[in-house]
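> what would the 3D arrangement of this be:
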Amino acid sequence: MLVNHCRSLTWTADPRWVRRGPPLARVVRVSPRLKVRLSSVESSSSTTVRIGLYEPSSSFAAIWASLASDLGVQLERTADLDRWMAQPVAIRLAAVGGAEDEFAGTLARMPDAAGVAVVGADPDHRLAMMMIKAGATEYFALPGDLEVLRSWVAEQVEGLRRAEARKSFAAGEEAKYRFEGMLGQSAAHRRSLATAARVIPRPSVTVLITGETGTGKELLARAIHYNGPRREAPFVDVNCAAIPEQLLESELFGHEKGAFTDATSAKPGLFEVANHGTVFLDEIGHLPLPLQGKLLRALEQRSIRRVGGTGTMAIDVRVIAATHVNLQEAVRRGEFREDLYYRLNVLPIELPPLRTREDDVVLLANHFLTRFAGEYQMTAPRLTPAAEERLRSHGWDGNVRELRNVIERSLLLHQGDTMGPDDLSIRASTAAAHGSSELPFPTTLIELNRNAARAMVERCRGNKSEAARRLAISRTRLLRLLDAHHLDDAEEGLE
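Down below sits the predicted model:
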């Protein structure tokens, strides 16, 4: 169906006045404060866009010089039709003022007329329809449609520059998250990477990554995305444990205007933002039960419905989920839907904890030494055999993340060419600290409970919801235990 846009003589074959193609490649992260950060690919004005112009006569010669100068494009003009068709350009214009009827027949015989915009002087609806039916993308009648033509060309140029920026961004991210950068020689680690490598060329397969905190689940998810066919589309990172339950559905699926009190305008959800790309659902084990059913429906039907909406929208995304929770145990406890577990567990990848990868600890430590030395413009010291043994013997409760932080801190505090065991800023592991600590008697049961609550919050890096879950108490009770003014309300302590 032909649609008339902006002016009565500007025609397009596309029924929607929208930019085509996959969404702009970007990384989206939902932070604990619900701020969405977009690491966007900005178009580069330095990219030279070439426009092929077929102009048998010089009817509009003055217009083209101004257009090329204003938009910063390279205009390649010719009166030879065959040469024009052979030009390696992305945008083609045909200025045939005074010969519109003849060119319509020529256009119909062209093997590749798609993408050609015709510029004429005859403001006739019949002629515009003829051009579109012959295969042209647009028809502009000058001088009346000059500003519309300028706007259309500017949009095409911007789209091409963004596409080039997308490719450049994806190439950089692919290099950043390449599999060669995921160091490790242990058999378990290599098995995990081999499984991930098999799923990369299959962009619709759902992946479930499991492993302890700090083992590199997000790094592996990004490697799968940026090494696969969806690399130029968005990678959307959603932390399911960080978003309040009452907002999570709106964040994931979007909402319509008036869906709730503060919904003053419609808002796309993160599944829409990620269309043609990847949605990374981190901490999927903490997704509230009511939302698990809606997520299952979205995965099964490949469509979503905004909050307050009546229609569904088709989506094309790869879903990668990650969790440190044992989902099978969560299913048995009734905390996680069994059908959603099997839907997510299409291709499971388990990342081993660092304490089981003794051969990789020193390899990773040297990698981080070199990396941070370069970042801080320092000379990387050499680890002594005793320091290497100290690294191997540590429990690494925080896994690779803890090792990285230890090496960074040790490097910043160190002076000299070698780094010994006493130079490593390693704290006692949480398990060891708990095993060797004595109970602070004499004290009260309330104070013991309060100390336990504080220790768990610290271990969970300030995430009180996670701390309450691990202590098997409500978040409200945890907050009371932490508040000195409400100790009397917490007499029951930890049950």
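> output the lowest mean pLDDT helix or strand found in the protein.
Ranked by mean pLDDT, DSSP states H and E, the weakest helix or strand in the chain is strand 36-40, scoring a mean of 34.
> list the buried residues of stretch 192-205.
Applying a neighbour-count criterion of 16 or more other Cβ atoms under 10 Å, one finds Ser192, Leu193, Thr195, Ala196, Val199, Ile200, Pro203, Val205 buried in stretch 192-205. Where you see a C-beta, it was placed from the backbone N, CA and C, and this is true even at glycine.
> tell me which residues are up against that stretch.
179, 182, 184, 207, 220, 223-224, 227-230, 318, 346-347, 349-352 (Cβ atoms under 8 Å, 6 or more residues apart in numbering).
> buried ones among these?
For the contacts of stretch 192-205, buried by 16+ other Cβ under 10 Å: 182, 184, 207, 220, 223-224, 227-228, 230, 318, 347, 349, 351-352.
> how about the residues you listed, which pair is most distant?
Arg230 and Pro352 (26.8 Å; Cβ to Cβ).
> follow-up on the earlier one: show me what the first helix or strand past the least confident helix or strand of the chain going along the chain is packed against.
Once the chain leaves strand 36-40, the next helix or strand it forms, by DSSP states H and E, is strand 50-54. Contacting strand 50-54 under the criterion 3 or more Cβ pairs under 8 Å, 6 or more residues apart in numbering; DSSP states H and E are the following elements: strand 74-78, helix 81-86, strand 91-95.
> give me whichever of these is most buried.
strand 91-95 (a mean of 24; mean count of other Cβ atoms under 10 Å).
> paired strands for it, with orientation please.
Looking at strand 91-95 with DSSP bridges, its partner strands are strand 50-54 (parallel), strand 116-120 (parallel).
> next, the angle from it to strand 74-78.
Strand 91-95 runs at 40 degrees relative to strand 74-78, counting by axes from the mean of the first three to the mean of the last three Cα atoms, to 10 degrees.
> list the buried residues of stretch 245-264.
Leu248, Glu249, Ser250, Glu251, Leu252, Phe253, Gly254, His255, Glu256, Ala259, Ala263.
> mind listing residues that contact it?
Contacts for stretch 245-264 (Cβ under 8 Å, 6+ apart): 30, 34, 238, 240, 243, 265-272, 287-288, 290-291, 294-295, 298, 304-309.
> sort out for me which of those are in strands.
Val30, Val238, Lys267, Pro268, Ile304 (DSSP state E).
> dump these to a markdown table, plus neighbour count, pLDDT and distance to Asp397.
Shown next, in a markdown table, are those (neighbours: other Cβ atoms under 10 Å; pLDDT from 0 to 100; distance: Cβ to Cβ, whole Å):
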| residue | neighbour count | pLDDT | distance to Asp397 |
| --- | --- | --- | --- |
| Val30 | 22 | 41 | 26 |
| Val238 | 24 | 92 | 26 |
| Lys267 | 16 | 89 | 39 |
| Pro268 | 14 | 91 | 39 |
| Ile304 | 23 | 91 | 38 |
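> tell me the one among those nearest to Ala128.
Distances from Ala128 to the ones in strands among the contacts of stretch 245-264, taken by Cβ to Cβ, are shortest for Pro268, at 33.6 Å.
> residues in contact with the closest one?
Gly254.
> out of the strands paired with strand 91-95, deepest packed?
strand 116-120 (a mean of 25).
> pLDDT on that one, on average?
Strand 116-120 carries an average pLDDT of 81.
> got the CA coordinates for it in PDB?
The C-alpha trace of strand 116-120 is given here as PDB (Å, rounded to 0.1, in the frame of the first residue of the first chain):
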ATOM      1  CA  VAL A 116      16.700   4.200  -6.100                       C
ATOM      2  CA  ALA A 117      15.100   7.600  -5.300                       C
ATOM      3  CA  VAL A 118      13.800   9.400  -8.300                       C
ATOM      4  CA  VAL A 119      13.800  13.200  -8.500                       C
ATOM      5  CA  GLY A 120      11.600  14.800 -11.100                       C
END
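> how about the next helix or strand after that strand: buried residues?
Using DSSP H and E, the helix or strand that follows strand 116-120 towards the C-terminus is helix 125-134. By neighbour count on 16+ other Cβ under 10 Å, the buried set for helix 125-134 is Leu127, Ala128, Met130, Met131, Ile132, Ala134.
> what about the last one, distance to Asn326?
With distances taken as Cβ to Cβ, to the nearest Å, Ala134 is found 63 Å from Asn326.
> do Ser303 as well
For Ser303, the distance to Asn326 - Cβ to Cβ - is 31 Å.
> do Thr476 as well
When Thr476 is compared with Asn326 (using Cβ to Cβ), they lie 26 Å apart.
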